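[1] Pasted the sequence and its predicted model underneath.
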Amino acid sequence: MKTLAFILLTLFSSASMAEIAVIVHPSNASALDDSSITRIFLGKAKSFPDGSQAIAVNQSEGSAATNYFNENLVGKSASQLKAYWSKLVFTGKGTPPQEVASDAEVIELVSKNPSLIGYVDASSVDGSVKAVITF
Amino acid sequence: MKLNRNSLLIAGSIVALGMTSTNASAEVRINGFASIYGGITTDSDQDKLFGYDDDVAFNPESLFGLQVSADISEKLTATAQLLARGENDYDADFEWAYLTYSFNDEMSLSAGRIRIPLFMYSEYLDVGYAYPWARTPQAVYDVNFNNMDGLRFNYATSLGMWDAELQAVYGKFDGDLNIGGVPTASTLENFAGLSLDLTYDWFSVRASYYATSVTIGADVSAIQPFFALEPEKYNDLVIEEDTGTFGGIGATVDYNDWILGVEWVTYTVDDSIIQTTDAGYVTIGKRFDSSTIIYTYSFLEATNDTSAVSGIPSTLCLAPNPADPTQCALLARDFVANDVFLAEVENDNHSVTYRWDFNPAAALKFDYTYKEYSLRDNLPSDDSQGVFTVGVDLVF
């Protein structure tokens, strides 16, 4: 059973993309787990666990990184997320995170602003940002 | 949600994101939604349902909405929603227009024309993309009015893994309401109430309650002479500064691709010819990848308290045809109870909806809804009507 799970996992991860890392500014010492990250990206939490302001940055809708992040961490399909944000946008209660076009842009923004949190392909992470989880 | 092609805005906001202070000009967001539906009823002898009859029509439920929102300062946002409905020949109206002041991340106050958070889906009734059905269950959501001019206070906070949202509204509605099928000038004054939503990831519950002072210009003065001896009973028919109340409770579950929803609402106008309405629905569905199939049962019961007819004396002489005064009184009471009071109604509705998310921003929906009456004043009680609708909901 374990072997099967391992094979499936290997197949799955090689068939899709490499791992994704959630990144923050190097000075951000907050302990972040899947659920606290999800809450920030869904606009339900507006600060990091240490109380400082948290602003999520998305990659482009439909990009491999975004799809992987939404399905594996947030646990919602693109359509479900769109419906979720539609409720908030059209009742004037929230706006989805800003989108940028590439790993490089996410890293550049996050490296310059301690309030930001983003996600990139794990292989793109460099010393200017801190990876909090990789999955 | 933001238009990707709107690269100028994106570029502007990226600059804002990257900087620690933002003193650039107001950020303007434009979002839209649209629904294009066509439908046809199955029975040519019956009334229209959702605006459709037995000829295919595309206008009754189609609409196009555009929302513009501008951050005037860090705390102040202006939002306006322009809506063009097919049933109104796509004449665009400002459905909402309000200013929101955010005290902090949890509290805000909005002022202007606002949507009343009456029941669970009331605030985004027109955004078909945001719910699985082709339309919100009409037994509950076929309420005459949705917006008013006034204030809305929002408090959203988290309690551990639970999110709570409290909304309080106060305002006034002034416009035509559909009273017994006739648009009638109406005002709802001092409309005030609360709604509370509690959400735990896949589970949410909601309760709401509102009260208002209702005046509806339905002219029933022709029957006033019947009540010459007990004028206060006549006042129990007239809709003038009578207390109207609205209450609702509901819950939704969205777990492992199973969708479950229940809601029950009740509303009435005390001491008037308006019925007391109880309505509710149960909906159950399952998501299969990009498809969702959902079944909904809903019911409506509108009943009258006609005790005010006792204000008509037990003997009465009707001028043109003086007959047996007792018989006349019975006729007069019967007439008031059945033809002046709005019709008592009981109906049950069954819907099956198939939703296909063929694009991340658009959903195709097929719906069949069957409505049957078990009570309907002055009409055969076996009335029923079915309607097929097909349409696309999108957001952009």
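    Right, received. Where do you want to start? Residues are numbered from 1 along each chain as shown, chains lettered A, B, ... in the order given.
[2] Burial check on the residue nearest to A:Ala29 when sequence neighbours are not counted, number of neighbours?
    Excluding its sequence neighbours, the residue lying closest to A:Ala29 (Cβ to Cβ, 6 or more residues apart in numbering or on different chains) is A:Asp50, at 6.8 Å. Quick note: C-beta positions are derived from backbone N, CA and C, even for glycine. Residues lying near A:Asp50 (other Cβ atoms under 10 Å in any protein chain shown) number 10.
[3] In the chain, where is pLDDT below threshold?
    Picked chain A for this. The model of chain A has pLDDT under 70 over residues A:1-17.
[4] Chain B, not that one
    Using pLDDT under 70, the flagged stretches of chain B are B:1-26, B:317-323, B:377-382.
[5] So which residues of it form helices?
    B:7-18, B:138-141, B:231-235, B:325-335 (DSSP state H).
[6] now the strands for the stretch 151-300 of chain B?
    B:162-179, B:182-200, B:203-216, B:242-255, B:258-269, B:276-288, B:291-303 (DSSP state E, counting those that start in this stretch).
[7] Turn those into CSV, columns for distance to chain A and mean neighbour count.
    Converted to CSV, the strands of the stretch 151-300 of chain B look like this (distance: least, Cβ to the nearest Cβ, whole Å; neighbours: other Cβ atoms under 10 Å in any protein chain shown):
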stretch, distance to chain A, mean neighbour count
strand B:162-179, 6, 17
strand B:182-200, 9, 16
strand B:203-216, 11, 19
strand B:242-255, 8, 18
strand B:258-269, 11, 19
strand B:276-288, 8, 18
strand B:291-303, 9, 19
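[8] May I see the ones you listed organised as CSV, with distance to A:Thr38 added?
    Output for these, formatted as CSV (distance: least, Cβ to Cβ, whole Å):
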stretch, distance to A:Thr38
strand B:162-179, 12
strand B:182-200, 13
strand B:203-216, 16
strand B:242-255, 15
strand B:258-269, 20
strand B:276-288, 19
strand B:291-303, 22
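[9] residues from the stretch 251-396 of chain B in reach of chain A?
    Proximity of the stretch 251-396 of chain B to chain A, by Cβ under 8 Å from any Cβ of the partner chain, involves residues B:290, B:357, B:360-361, B:363, B:395.
[10] Now B:Ile30. Nearest residue, chain neighbours left out?
    B:Val68 (5.5 Å).
[11] Spell out which residues of chain A are next to chain B.
    A:35, A:39, A:44-47, A:55, A:57, A:60-62, A:77-79, A:82-83, A:85-87, A:89-93, A:95-96, A:98-100, A:105, A:108-109, A:112-113, A:116.
[12] Show me which of those are buried.
    With burial judged by 16 or more other Cβ atoms under 10 Å in any protein chain shown, the buried subset of the residues of chain A next to chain B is A:39, A:44-46, A:55, A:57, A:61, A:77-79, A:82-83, A:85-87, A:89-93, A:95-96, A:98-100, A:105, A:108-109, A:113, A:116.
[13] Among those residues, which are located in helices?
    A:39, A:78-79, A:82-83, A:85-87, A:89, A:105, A:108-109.
[14] hey, what's B:Ala57 bridged with?
    Taking DSSP bridges as the rule, B:Ala57 bridges to B:Gly39.
[15] Hmm, it is touching B:Gly51, no?
    Yes - contact status for B:Ala57 versus B:Gly51: in contact at 7.1 Å, counting by Cβ atoms under 8 Å.
[16] who's more crowded, those two?
    The residue with more neighbours, out of B:Ala57 and B:Gly51, is B:Ala57; 21 against 15, by other Cβ under 10 Å.
[17] I'd like the distance between that one and B:Leu49.
    Distance of B:Ala57 to B:Leu49, given as Cβ to Cβ, to the nearest Å: 11 Å.
[18] Also B:Val336?
    30 Å.
[19] before we move on, what SS does the residue nearest to A:Ala29 have?
    Put simply, A:Asp50 is coil when judged by DSSP: H, G, I helix; E, B strand; the rest coil.
[20] which secondary structure element contains the residue nearest in space to the middle of chain A?
    The centroid of chain A falls nearest to A:Tyr119 when counting by Cα atoms, centre = their mean (4.3 Å). In this assignment (DSSP states H and E), A:Tyr119 forms part of strand A:116-121.
[21] So which other helices or strands are in contact with that strand?
    strand A:20-24, helix A:34-41, strand A:55-59, helix A:64-69, helix A:103-112 (3 or more Cβ pairs under 8 Å, 6 or more residues apart in numbering or on different chains; DSSP states H and E).
[22] elements contacting the second one?
    The helices and strands touching helix A:34-41, judged by 3+ Cβ pairs under 8 Å, 6+ apart, are strand A:55-59, strand A:116-121, strand A:130-134.
[23] contact partners of the first one?
    Going back to what we said before, that points to strand A:55-59. A:40-41, A:43, A:65-66, A:69, A:96-103, A:106, A:109-110, A:113, A:115-120, B:17 (Cβ atoms under 8 Å, 6 or more residues apart in numbering or on different chains).
[24] Can I take it that A:Asn72 is in a strand?
    No - per three-state DSSP, A:Asn72 lies outside any strand segment and is helix.
[25] which ones are touching it?
    Neighbouring residues of A:Asn72 by Cβ under 8 Å, 6+ apart: A:20, A:135.
[26] returning to that earlier point: name every strand pairing with the strand holding A:Tyr119 and say which way it goes.
    Sheet pairing of strand A:116-121 (DSSP bridges) gives strand A:20-24 (antiparallel), strand A:55-59 (parallel).
[27] could you dump the ones you listed to a markdown table with distance to B:Tyr129?
    As requested, those are exported to a markdown table (distance: least, Cβ to Cβ, whole Å):
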| stretch | distance to B:Tyr129 |
| --- | --- |
| strand A:20-24 | 27 |
| strand A:55-59 | 19 |
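[28] Out of these, indicate the one that is most buried.
    Between those, strand A:20-24 has the highest mean count of neighbours, a mean of 25, where neighbours are mean count of other Cβ atoms under 10 Å in any protein chain shown.
[29] re the thing from before, which one of the helices and strands packed on strand A:116-121 lies nearest to B:Ile274?
    helix A:34-41 (44.0 Å; Cβ to Cβ).
[30] Give me the angle between the closest one and strand A:55-59.
    When axes from the mean of the first three to the mean of the last three Cα atoms, to 10 degrees is applied, the directions of helix A:34-41 and strand A:55-59 differ by 90 degrees.
[31] Report the buried residues of helix A:34-41.
    Under the neighbour-count criterion of 16+ other Cβ under 10 Å, helix A:34-41 has A:36-41 buried.
[32] now, which of the residues you listed sits nearest B:Gln81?
    Distance ranking of the buried residues of helix A:34-41 against B:Gln81, using Cβ to Cβ, places A:Phe41 first at 25.6 Å.
[33] State whether the closest one and A:Gly75 are indeed in contact, as I suppose.
    No - using Cβ under 8 Å, A:Phe41 makes no contact with A:Gly75, being 11.1 Å away.
[34] Mind listing the residues bridging to A:Ala56?
    Under DSSP bridges, the beta-bridge partners of A:Ala56 are A:Ile117.
[35] Just give me the neighbour total for the residue nearest to A:Lys76 when sequence neighbours are not counted.
    Nearest in space to A:Lys76, with sequence neighbours left out and distances taken as Cβ to Cβ, 6+ apart, is A:Asn70 at 5.8 Å. A:Asn70 has 20 neighbours, counted by other Cβ under 10 Å.
[36] before we move on, what about B:Arg29?
    By other Cβ under 10 Å, 19 other residues sit near B:Arg29.
[37] Next: the one 4 residues further on.
    Close neighbours of B:Phe33, defined as other Cβ under 10 Å, add up to 25.
[38] I'd like the distance between it and B:Tyr124.
    As judged by Cβ to Cβ, B:Phe33 and B:Tyr124 stand 9 Å apart.
[39] overlap in contacts of these two?
    With Cβ under 8 Å, 6+ apart, B:Phe33 and B:Tyr124 have common neighbours A:86, A:90.
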